[in-house]
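Chemist: fold the following, please.
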Amino acid sequence: MKSYAAVALLWLTSSSLTAAFAPPVKKNGALPTRSEATLLHAAVKEKIMGAKTAGLLLNHRFVTDSLSEVAPGMSETERLRFALQFGERREAARAARKAMAWRAGPGRAIVESAAEAVAKATEGGGWDNAPVYAAAPHADVINRYITPKSVLTMSTDEGDLIYVIRASAIDDKALMDRASVDQVVDYFLYAKEVHSIVANRRSERTGRLSNVIFANDISGVRKAPDRRFSKALTSSSDQYENLYPALAGPTMILNLPFVLQAFVGLLKPLFPKSVQERLVFTRAPVLAGLKELTPLSNNMNTKAKFVREVKGLLPK
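Modeler: Residues are numbered from 1 along each chain as shown. Take a look at the predicted model:
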């Protein structure tokens with residue numbers, strides 16, 4: 001049990017888990033400036049998850065509208081997210097320009113593939129994940145290792161997304177022996193782009209801001225993460241809140257070994273401050289009882305139980 005707990009702690013403190021689902025920190029280890037800290041604090045403190053977009057727009061109308069000058073291709077909902085995350089017009093405009101440059105340059109293929117895949121997935125009025133899964137960058141290699149058994153996305157009735165990952169079900173060493181760091185970075189950025197498209201469309205349709213809840217299942221972890229996999233997740237995370245601001249909801253660390261549960265108070269400070277107040281350490285018995293994640297997508301009863309479980313565990 002002690003060795004199991006030690007390995008789980010390595011996953012928690014390594015860049016591969018914390019960076020995969022947490023906002024970036026300064027690469028040089030420096031603390032945020034007062035301005036940056038204020039903006040991060042505001043982004044966390046404002047209750048945006050589940051909030052009505054009309055009310056959020058009323059509170060952030062000036063910055064949201066001003067961003068149309070620097071990011072004319074962004075929808076109002078996208079611009080609102082930049083306003084929510086960065087607060088001040090200058091900071092929001094700088095981030096929006098960088099995001100637009102990425103979307104028109106290095107990220108163009110990812111953005112276009114995701115848009116086309118989502119269009120195909122919704123052709124019948126519902127959701128067919130097959131075209132989205134198949135269109136992922138370098139899917140011919142990476143989809144052998146990242147499957148619905150280990151990673152999947154589901155929805156709540158309210159319209160939020162739940163991104164579930166079981167680290168122990170990913171053979172990260174075998175994956176990184178076949179794929180490069182850059183290829184895995186592209187793969188995860190594609191997933192984030194798909195999430196963004198879906199969440200923004202739901203927000204516009206329902207008038208309620210849709211967010212992504214991260215559910216990280218630690219059960220079964222028995223080895224430290226592969227260094228290359230950790231690097232890939234860190235790289236994609238470094239771009240997350242600059243490209244997809246105010247999209248992340250709570251980050252849930254689920255099913256820690258019993259021996260580590262007593263040390264949650266010590267583990268929490270290991271995460272960036274901007275995610276600490278959204279962080280939840282707890283047990284998720286429904287999830288822990290699954291041998292793999294696929295029943296969450298093909299068994300309606302199991303899915304319903306897990307969604308209820310997640311909603312019950314969310315911060316009030």
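
Chemist: T251: which element?
Modeler: strand 248-254 (DSSP states H and E).

Chemist: name the helices or strands packed onto that strand?
Modeler: Applying 3 or more Cβ pairs under 8 Å, 6 or more residues apart in numbering; DSSP states H and E, one finds that strand 248-254 contacts strand 212-217, strand 279-282. The C-beta positions use only the backbone N, C-alpha and C, and glycine is treated the same way.

Chemist: pick the most deeply packed of these.
Modeler: When the helices and strands packed on strand 248-254 are scored by mean count of other Cβ atoms under 10 Å, the highest mean neighbour count falls to strand 212-217 (a mean of 23).

Chemist: in the very next helix or strand once past that strand, what's buried?
Modeler: Next along the chain after strand 212-217, taking DSSP H and E as the criterion, comes helix 227-238. Within helix 227-238, the residues scored as buried using 16 or more other Cβ atoms under 10 Å are R228, F229, S230, K231, A232, L233, T234, S235, S236, S237, D238.

Chemist: distance to T53 and pLDDT added to the residues you listed, as JSON lines?
Modeler: Formatted as JSON lines, the buried residues of helix 227-238 follow (distance: Cβ to Cβ, whole Å; pLDDT from 0 to 100):
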{"residue": "R228", "distance to T53": "40", "pLDDT": "94"}
{"residue": "F229", "distance to T53": "36", "pLDDT": "92"}
{"residue": "S230", "distance to T53": "36", "pLDDT": "87"}
{"residue": "K231", "distance to T53": "36", "pLDDT": "89"}
{"residue": "A232", "distance to T53": "33", "pLDDT": "90"}
{"residue": "L233", "distance to T53": "30", "pLDDT": "85"}
{"residue": "T234", "distance to T53": "32", "pLDDT": "83"}
{"residue": "S235", "distance to T53": "31", "pLDDT": "86"}
{"residue": "S236", "distance to T53": "27", "pLDDT": "84"}
{"residue": "S237", "distance to T53": "26", "pLDDT": "80"}
{"residue": "D238", "distance to T53": "28", "pLDDT": "80"}
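
Chemist: just name the closest of the residues you listed to I197, please.
Modeler: Closest approach to I197 among those (Cβ to Cβ): S236, at 16.9 Å.

Chemist: is it true that the closest one touches D182?
Modeler: No: under the criterion of Cβ atoms under 8 Å, S236 is not in contact with D182, lying 10.2 Å apart.

Chemist: can you give me the strands for the stretch 51-200 of the chain?
Modeler: 151-155, 161-166 (DSSP state E, counting those that start in this stretch).

Chemist: ok, the last one: who's next to it in the sheet?
Modeler: Strand 161-166 pairs in its sheet with strand 151-155 (antiparallel), strand 212-217 (parallel), by DSSP bridges.

Chemist: low-confidence regions, this structure specifically.
Modeler: 1-46, 258-276 (pLDDT under 70).

Chemist: any idea how far the residue lying closest to N200 once chain neighbours are set aside lies from S236?
Modeler: Excluding the flanking residues, the one nearest N200 by Cβ to Cβ, 6 or more residues apart in numbering is T77, at 4.7 Å. Using Cβ to Cβ, to the nearest Å, we find T77 at a distance of 22 Å from S236.

Chemist: with F62 instead?
Modeler: 32 Å.

Chemist: repeat for V151
Modeler: 13 Å.

Chemist: and for L56?
Modeler: With Cβ to Cβ as the criterion, L56 and S236 are 27 Å apart.

Chemist: same thing with I197?
Modeler: 17 Å.

Chemist: how about S113?
Modeler: 16 Å.

Chemist: swap in K52?
Modeler: 31 Å.

Chemist: tell me the buried residues in stretch 293-307?
Modeler: In stretch 293-307, counting by 16+ other Cβ under 10 Å, buried: L293, P295, L296, T302, K303, K305, F306, V307.

Chemist: ok, so of these, who is nearest G159?
Modeler: V307 (12.0 Å).

Chemist: distance of A246 from A179?
Modeler: A246 is 30 Å from A179, by Cβ to Cβ.

Chemist: so G220 is in contact with I170, correct?
Modeler: No: counting by Cβ under 8 Å, G220 does not reach I170; the two are 10.7 Å apart.

Chemist: out of the two, which sits in the busier spot?
Modeler: I170 (20 against 14; other Cβ atoms under 10 Å).

Chemist: who touches the more buried one in this structure?
Modeler: Y145, I146, S150, V151, F229 (Cβ atoms under 8 Å, 6 or more residues apart in numbering).
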